[in-house]
Each structure stands twice: as structure tokens, then as C-alpha cells.
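> Here is a sequence together with a model predicted from it:
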Amino acid sequence: MQKREPASGIPGAGHSRNFTQYSGLQGFSTGGRYFFLGAPLCRLSFLEHTAWAAANIIGVSGPAISPPISASKTRPLLVPMLDLNRQYEPLRAELLDAISHVIDKQQFILGEAVDGLERAAAEHLGVAYAVGCSSGTDALWLALAAAGIGSGISPSRSRPVHQSPVGAVVTTPFSFFASVSAILRAGAAPLLADIDPVTFNLSPGAVEAVLNGPRGAAVRAILPVHLFGQCADFSSGFGRGRGLIVIEDAAQAWGAEWQGVKAGGLGDAAAFSFYPTKNLSAAGDAGMVTTNSEGVAERVRMLRQHGMRRRYLHDELGWNARMDGIQGAILSVKLKYIARWNQARRAAAGHYHALFAAAGLAESGPYPQHGVVLPREAAGSWHVWHQYVIRTARRDALREFLTARGIGSEVYYPIPLHMQKALRGLGYAEGDFPEAERAACEVLALPIFPELRADEQQAVVTAVAEFLS
Ligand SMILES: Cc1ncc(COP(=O)(O)O)c(C=O)c1O
């Protein structure tokens, strides 16, 4: 499969250089995030980081079908972190037909295919409006800007962009970089609150503490992330009772629910990513904003094409953040299958739970002792298992062991956002968010995707058991 160049694919959860990813089967990479981290956090050496990068950033296109388990004594079962070929093969004709339609019509940007996707997506999520755009990162920025958060980029506003931030947005330090960078791009100040150690999502109590703290008065919005496919705990409403705006980062959570309401309809607006490794994925970059507000939807439509309401009449400074027609067509096909795929992910998660329990490895947590802490579905939540993330004390050694066995794994996220070089200006330091920092040292994502086979899951758990024995 095609390899992405370092500059074009900064990783978030589920990002990898190619999308049939086995671990550690090729040599070293010179590009990759791990080299820049310095990483005092988990006391990792440069060489360990290099090994991580080699195992993750370089994948190989492996066979869609692994050898049968009976052959595993002589040829161990290789288990990819993700194998998109298995999703693509049965849909090949349908997808190519949808792509041909766009090309026949020569409607490459927005157009009928994107319109159709937007209607179907809104219906699927039970929201009034869905607006397609170029990526999850742009969706976050569009949602924030359209909801009036930050300085905006309009010179007609009181402060021009990148001057002092206007208002603050509370979010998590344990997410992909875009959750915070989008707030900065919108011209607001990110304020971080620690996570819940069980769900890895923003802790409502920690958010409350920020709201009641010295900078609480500046807060205009909360940006909870539905990490790994599980909705953040919305029982507190995240400050909506206080008139705060809530923007969901739903990049990893298409179809997830909180108390029967789907992600995308829980806040004032939400941002989705269709990056190729996401549970609903495009064949390139794409994203979407959802909202129940007509005004927000209309503003997102305007901002995604340079602030134009009418052709060549620019009311505001927007951005080029449009969705390609081909992505709209591909996503419209895949949307028909996403409910089934999410069910398959849930079944795979249940199977992992059972296998780990049967192996006597599951610990009651929240922190690991000698075994593994399994991920949990919170009460009221309908998890879509975009990732299956265990906690284990000897995470890095386990990862090396799995890599040597040809079993894929990933670390989301090795360095919390407050410790990223690019975000030093936020003024936080190591020790400020102990739960996020501890999670960064203990989390390990294991292979999970709808087509993952039971024998592959058994091979993963057997290898973990062997390591821990
Ligand atoms: C939590 C989260 N937010 C935002 C993004 C950004 O999405 P994209 O890569 O489509 O720009 C991602 C993607 O990795 C993500 O995982």
C-alpha cells in the first residue's frame, strides 16, 4: 500500500503510515513524532523511542488473511493493528462505482455527493445539520469559529487574529494535538483539565475545578473529546447550565452514544474526522461539523469556503476547508455499513474482555499492578471501540515483545499535550495533570477493527499472557 510522507500525516489515534499495519517488520524511520519528544515522562531512552517509531511509522502491506492458527507453531500468527484491505475488498465494486459517478459528473469539490452525505449523516446521527469539510482538524476550527469562540479571523472584529486570545476553552491534555491546536487557531486560550483514569476522558470534576479557579471567568466553551470511541461523561452538561458553549471533539467516535444521544448531538456543535484509520473513514483527509443550530451550520458552510455566502462576495475571512466529492461518495457508501461495523467492534471488545479474564490477567484497576487493566464502558455510554486500550505497568517492554511477535500495537498518546514542545507557551509543567501523565506511560492500544478474527485476538492475548507470566 501507499506510504504517506512524514509531512502529510501527523498522527492522531489510529493514524499510521499505511493502513495494513504490522509491527516491527521493517527497519528504522528518520521521521516521526517520537524523536521530538525528549520524553522524561516514562524514562524512555532515545533508542526506545526509535524502536517505537520503527514499529509504528513504518508498516508493511501484509496479507489480508493471516496464516491459520494451526500453523502458528511454525509460523506465528501476525496480527495487524489495522487492516483496511479487509474492509475494502467486499465493498470494492460499490466504492469504485460511487467514485466513477463523481468523476463522470466532474464534481470534484462539494457537489451532489457531499450534499447527499450531509443529509444521510445528519439523519444517521439524529442532528439537524451536518456539514462536510476537509479534515477533523478543520472541523474543530470551523465549529469553534462558527460558534463565535475566540478572536475569529475577521478584521471586522475587535481584535485581529493571533493577537491576545479572546476567551478560554477547557479541554483535555490527553488527546491528539488538534484538540488544542484548533482552539489556538480560533484565537482562544486552551485551559486544560485532567482526565478520568478509567475512561481517559475529561473529568467533569476537574473541569468544574477549572471553572471555579482563577481563570474560570474567562472560559467561554468546553471541548470534551470522545476518546477511543467512548463519549465523554456528559452528566454534568459541561457547563451548559452556566451558559457555556460545548464543542464535541467526536473525531474518534462516529456512532457512539451518551444516554441514547449520539455523539455529534450532545453539544452545541461537534467535529468528526474521517481520516483513513477512523471507524468511519474516507480515502484521504475529510471531516464534518454537526449541529442542531441553523445559524452555526450556515456559518460553517460560509467559513469552509473563504467566508462566501454568495459567489465572490466575502463577508468574513474564512478558509478553504471544503470536502472533496470523491470523499463524499466514499463516505456515503460506508455510512450504510457503519452500524454493523460498530457492532462488530463491540463484539471484538467483548471477546478481548472474555479472553483476558479467562487468562486471569484482568485487574480491577484503575491502575495496573502485575496484569492489565481492561478498558471499560461507562454507565450510560455506548462505546464504539475505535481503540481497545489496556493499561499495564511494563508497557514499553510489552510493546517490544508484541512487536517481536509481529503483533501490532500503538501508544495513544505517549506525551500529554501540556508537555508538547509546541504547547510550552500554555505555561503548564510536568506534574500538572497526573492522571494524563500516568496514562501516557501505561496505555497500549491493541488491534481492533470490525474484521479482526477471533484467532487473531487469541494470539494477542496469548502473547500478552506469555509476556506477563
Ligand atoms: C481526537 C482527535 N481530534 C482531532 C483529530 C484531527 O482529525 P484529522 O486528522 O482528520 O484532522 C483527530 C485525528 O486524529 C483526533 O483523533
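Noted; the coordinates are in hand.
> Need the residues that contact stretch 461-469.
By CB atoms under 8 Å, 6 or more residues apart in numbering, the surrounding residues in contact with stretch 461-469 are 352, 355-356, 359, 361, 370-372, 390, 392, 397-398, 401-402, 405, 407. In this view, the C-beta of every residue, glycine as well, is placed from N, C-alpha and C.
> err, stretch 141-153, not the other one
Contacts of stretch 141-153 (CB under 8 Å, 6+ apart): 131, 133, 157, 159-163, 165-167, 169, 182-183, 185-188, 220-221, 223, 245, 247, 268-271, 289, 291, 296-297, 299-300, 303-304, 316-319, 321.
> Tell me the buried residues within these.
Among the contacts of stretch 141-153, the ones that count as buried by 16 or more other CB atoms under 10 Å are 131, 133, 157, 161, 165-167, 169, 182-183, 185-188, 220-221, 223, 245, 247, 268-271, 289, 291, 296-297, 299-300, 303-304, 316-319, 321.
> residues from the protein in reach of the ligand?
Counting by CB under 6 Å from any ligand atom, the residues of the chain lying close to the ligand are 12-13, 15, 135-137, 175-176, 178-179, 225, 249, 251-252, 273, 275, 285, 287.
> Among those residues, which ones are in strands?
In this view, these that belong to strands under DSSP state E are D249, S273, G287.
> Which ones among the contacts of stretch 141-153 map onto helices?
Mapping these onto helices (DSSP state H) picks out A182, I183, R185, V296, A297, R299, V300, L303.
> Next, format the residues you listed as a markdown table and append pLDDT.
Compiled in a markdown table, those are given as follows (pLDDT from 0 to 100):
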| residue | pLDDT |
| --- | --- |
| A182 | 97 |
| I183 | 97 |
| R185 | 94 |
| V296 | 97 |
| A297 | 98 |
| R299 | 96 |
| V300 | 97 |
| L303 | 96 |
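> that older thread, just the ones of the contacts of stretch 461-469 in helices?
Using DSSP H, the contacts of stretch 461-469 in helices are Y352, L355, F356, A397, L398, F401, L402.
> Tell me where the chain has helices.
Remark: helices assigned in the chain by DSSP H are 46-57, 85-105, 111-125, 136-146, 178-185, 204-211, 294-303, 325-335, 338-358, 395-404, 434-442, 454-468.
> show me what contacts the residue most central in space within the chain?
Centroid-nearest residue in the chain: Q252, 3.8 Å away (criterion: CA atoms, centre = their mean). Each residue near Q252 by CB under 8 Å, 6+ apart is listed here: A13, G14, V225, H226, L227, F228, G229, S273, K278, N279, H386, Q387.
> One more: A349?
Per CB under 8 Å, 6+ apart, neighbours of A349: P375, H383, W385, Y388, I448.
> And H124, by the same measure?
H124 touches G255, K262, L335, I338, counting by CB under 8 Å, 6+ apart.
> In the sheet, which residues pair with the second one? Tell me.
So that's K262. Beta bridges link K262 to E257, judged by DSSP bridges.
> from memory it sits against A256, does it?
Yes: counting by CB atoms under 8 Å, K262 touches A256, with 7.1 Å between them.
> And those two? Which one has more around it.
A256 (25 against 21; other CB atoms under 10 Å).
> what sits against the more buried one?
If you count contacts by CB under 8 Å, 6+ apart, then A256 has H226, G229, Q230, C231, A250, K262, A263, S381, W382, H383, V384 around it.
> mind running it again at 7 Å?
If you count contacts by CB atoms under 7 Å, 6 or more residues apart in numbering, A256 has them with H226, G229, Q230, C231, A263, W382, H383, V384.
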